[in-house]
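Okay, here's the prediction I keep looking at, along with the sequence it came from:
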Amino acid sequence: MILMRLATILVAAGVGGQAMAEDVGTVLGLTGPHGVNLGTWSMDGDLVAPADLFIQPDVAATGVPVPHRTPQAFTRQTPETGAHAILALVFSDAPVSCAEEVGTFPLDTSMAAFMTGPDADALYAYGESIAETGEDPAQFTGNPLGPDHATMIMLPNGATFPAAAVQFEGDFPLYAFYDADGELTALAGLFGLEIRYGPDLPPCTAPIS
């Protein structure tokens, strides 16, 4: 696993300045002019997995333990293309101390989502049902999930989770952000050539809970 300090994320994401003393929303531009607030996610479970929207993840194997707090879901949109370059869950507005790569965000259809185990089960059940009815799975919310779209998915069977069109396919880095006490403040998938690469730096020095 490649570990990176927050400085790597800032350089790779094109964000600089005094971000080391700022919350992750400011650091990643989630609350800036191109940030999109998808709303509060009342997640069901304490493991969150990065996933392709149309493929149920193995949450037990790929899920990341998260705090027992209700996160806000955000994206950051690229104005030139409409693609969403970041999909993030923000658990705290505490200043960010460091970050590390904790896994990958696998995408086969360029549609990124965060899911819990119950969400993955509900998505599987929904897929089974529409296979029988011929319903278009792109119409989850009544609107097509086009290339400039991000939303809180609401399945007919009750599952709710954030998703965004990122216009890229492949394995992308998943980062965890921590405050000075080593508490998780956010998870973020970073997509696109302009932010997915950066020089290797030492890992976080604060104890990670």
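The structure has been received and is ready for your questions.

count of neighbours near Val64?
18 (other Cβ atoms under 10 Å). C-betas here are computed from N, CA, C, even on glycine.

Just the CA trace of the helix or strand hosting Ala120, in PDB.
In the assignment (DSSP states H and E), Ala120 maps to helix 117-133. Only the C-alpha atoms of helix 117-133 are listed here, as PDB (Å, rounded to 0.1, in the frame of the first residue of the first chain):
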ATOM      1  CA  GLY A 117     -23.500  -4.100   3.100                       C
ATOM      2  CA  PRO A 118     -27.300  -3.500   3.200                       C
ATOM      3  CA  ASP A 119     -27.000  -1.200   0.200                       C
ATOM      4  CA  ALA A 120     -25.100  -3.800  -1.800                       C
ATOM      5  CA  ASP A 121     -27.800  -6.400  -0.900                       C
ATOM      6  CA  ALA A 122     -30.600  -4.000  -1.900                       C
ATOM      7  CA  LEU A 123     -28.900  -3.200  -5.200                       C
ATOM      8  CA  TYR A 124     -28.600  -6.900  -6.000                       C
ATOM      9  CA  ALA A 125     -32.300  -7.400  -5.200                       C
ATOM     10  CA  TYR A 126     -33.200  -4.400  -7.300                       C
ATOM     11  CA  GLY A 127     -31.100  -5.700 -10.200                       C
ATOM     12  CA  GLU A 128     -32.900  -9.100 -10.000                       C
ATOM     13  CA  SER A 129     -36.300  -7.300 -10.100                       C
ATOM     14  CA  ILE A 130     -35.600  -5.100 -13.100                       C
ATOM     15  CA  ALA A 131     -34.200  -8.100 -15.000                       C
ATOM     16  CA  GLU A 132     -37.700  -9.400 -14.900                       C
ATOM     17  CA  THR A 133     -39.500  -6.100 -15.800                       C
END
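
Sketch out the low-pLDDT regions of this protein for me.
1-21, 134-148, 193-203, 205-209 (pLDDT under 70).
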